[in-house]
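In: Give me a 3D structure for the following:
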Amino acid sequence: MFSLELRWRILIILSLSAILSFSLWFSANAVIPQLTEYFNLTNSEKSLLSIIVTIGFIVGALTYAVLNLPDVFKTKNVFAVSAGLGGLTSFIVAFFVESFSLLLLLRFFTGFFLAGVYPPGMKLASSWFQKERGFAVGCMGASLALGSGIPYLFNLTGIPEWRILISFSGLASLISAALVYLFVKDGPYAAGTIKFKIENIKDILSNKNLKLVNFGYFGHMWELYAMWAWIPIFLRESYIQFGSSDNSALFFSFITFLIFLFGSLTTFFGGIFADKFGKIEFNILMLSISGLCSLIIGFTFGTNIIAMIIIALIWGMAAVADSPQYSGLATEVGDKKYMGTAVTIQLAIGFFISIISIKLIPVVVDIISWKYAFSILFLGPLLGIISFLRLKAIKA
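Out: Sure thing, here's the model as predicted:
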């Protein structure tokens, strides 16, 4: 018989493990200044550091889903092996990479293995909770956001060598693998097998409400990862414009870590507000705030450092707070028989869309300037708001 203490202990271990393993995602982005100098990177090549991880995650998510690995093998083993392999790829990057092409290949596999961490982690957390399942899922979502910002915390050590900083993320992921393998097991409320089935796509496309939820998610993803990928560089270059280049690495690392930290808190508490006031209403509010921030933050570039920090922090909180609500809304409006396929397709298309926006930001910077670069991200929240207003009208 399981005890109350056991399920909370496992949730804490899973959340900590998600934080540690997801430090891999932006581990290379956090040391872009050093990588730029080492490999002589252009802005376009900098964008590839984020894009290739995303491509790996998409391929990984589809592979894990089609092969149904979390159901074929023990879920905790899928998590542990994936986190361990992700950590190993990070160590190879840290100590053996001498070419940019090899770095990109290994970063692809980093994203691929992370696809075996987050969904199985969600499944494990949910298996220990029934009434408080939304809380457990919120904890995992917050852990993803916080973990993504951990590499910027590593930067605050002042260690200049990028190989050492990247190895920290590799070590963190290996620790997460050990924690899950040794101390986590499936709970008593494990969900039944929900398989990816290609034949369900027709039913998914015919569900109007589900399409509107997906459009909202696609708008959300257009904005979120492009903001996460480029806000550190925006902060650093804006800070240098102020004539304070000596401490630029510490500045952008500290503010970026705060962006992820505050975002994890709003993700955690956002679920409570969404349940109280309604998921649709909550998402519309968050999309409105984040969209406004994307339009105005560029005007602070090199002009007002305090305003820039405040807007960046608000943007970081709003852009991610609604993330867990999209899967919740999908389960509310979709048929359970095809939810495995629906969630996989939603995830794959959403991350593919983020690749486009990540790639566009440096193009806009080169053509116009940082002043207007983030404004193209407003299209995402706008699509989301329109979609949710239509969904709200249909449900009314």
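In: Could you use CA atoms for every contact and neighbour count after this?
Out: Noted.
In: Break this structure into its domains for me.
Out: 1-185, 201-396 (automatic domain parsing).
In: okay if I get the ones you listed as JSON lines plus mean pLDDT and mean neighbour count?
Out: Supplementary listing: those in JSON lines, determined by pLDDT from 0 to 100; neighbours: other Cα atoms under 10 Å:
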{"stretch": "domain 1-185", "mean pLDDT": "92", "mean neighbour count": "21"}
{"stretch": "domain 201-396", "mean pLDDT": "91", "mean neighbour count": "20"}
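In: How about the secondary structure of residue 273?
Out: Under DSSP: H, G, I helix; E, B strand; the rest coil, residue 273 falls in the helix class.
In: next one: residue 303
Out: coil.
In: was I right about it contacting residue 243?
Out: No. If you go by Cα atoms under 8 Å, residue 303 and residue 243 don't touch, sitting 11.2 Å apart.
In: Spit out the contact partners of residue 374.
Out: For residue 374, the contacting residues are 227, 294, 295, 297, 298, 361, by Cα atoms under 8 Å, 6 or more residues apart in numbering.
In: Residue 347 now?
Out: Residue 347 touches residue 58, counting by Cα under 8 Å, 6+ apart.
In: element containing it, please.
Out: Element membership for residue 347 (DSSP states H and E) is helix 339-367.
In: The helix or strand that that helix is followed by - contacts with which helices or strands?
Out: The helix or strand immediately downstream of helix 339-367 is helix 370-373, counting by DSSP H and E. Secondary-structure packing of helix 370-373 (3 or more Cα pairs under 8 Å, 6 or more residues apart in numbering; DSSP states H and E): helix 339-367.
In: ok, which stretches of the stretch 51-200 of the chain are helices?
Out: 69-72, 75-96, 100-114, 118-126, 133-155, 162-183 (DSSP state H, counting those that start in this stretch).
In: helices and strands around the fourth one, which ones?
Out: Read it as helix 118-126. In terms of contacts (3+ Cα pairs under 8 Å, 6+ apart), helix 118-126 is packed against helix 4-21, helix 75-96, helix 133-155.
In: could I get the ones you listed as TSV with distance to residue 233?
Out: TSV is the format used below for the helices and strands packed on helix 118-126 (distance: least, Cα to Cα, whole Å):
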stretch	distance to residue 233
helix 4-21	23
helix 75-96	22
helix 133-155	12
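In: is it true that residue 348 touches residue 65?
Out: No. Taking Cα under 8 Å as the definition, residue 348 is not a contact partner of residue 65, at 10.9 Å.
In: so how far is the helix or strand containing residue 314 off the chain centroid?
Out: Assessed by DSSP H and E, residue 314 sits inside helix 305-321. Taking Cα atoms, centre = their mean, to the nearest Å, one finds the center of helix 305-321 at 17 Å from the center of the full chain.
In: just stretch 82-99 next, same as before
Out: 20 Å.
In: repeat for stretch 305-323
Out: 15 Å.
In: ok, now stretch 253-270?
Out: 12 Å.
In: Contacts for it, please.
Out: 30, 135, 138-139, 141-146, 148-150, 152-153, 155-156, 231-232, 309, 312-313, 316-324.
In: residues contacting residue 157?
Out: Counting by Cα under 8 Å, 6+ apart, residue 157 touches no other residue.
In: Regarding the chain, what is its longest helix?
Out: With secondary structure taken from DSSP state H, the chain has its longest helix at helix 208-241.
In: Against which helices or strands is that helix packed?
Out: By 3+ Cα pairs under 8 Å, 6+ apart, helix 208-241 packs against helix 201-206, helix 248-277, helix 305-321, helix 323-333, helix 339-367, helix 379-395.
In: Setting aside sequence neighbours, what's the nearest residue to residue 309?
Out: residue 255 (7.2 Å; Cα to Cα, 6 or more residues apart in numbering).
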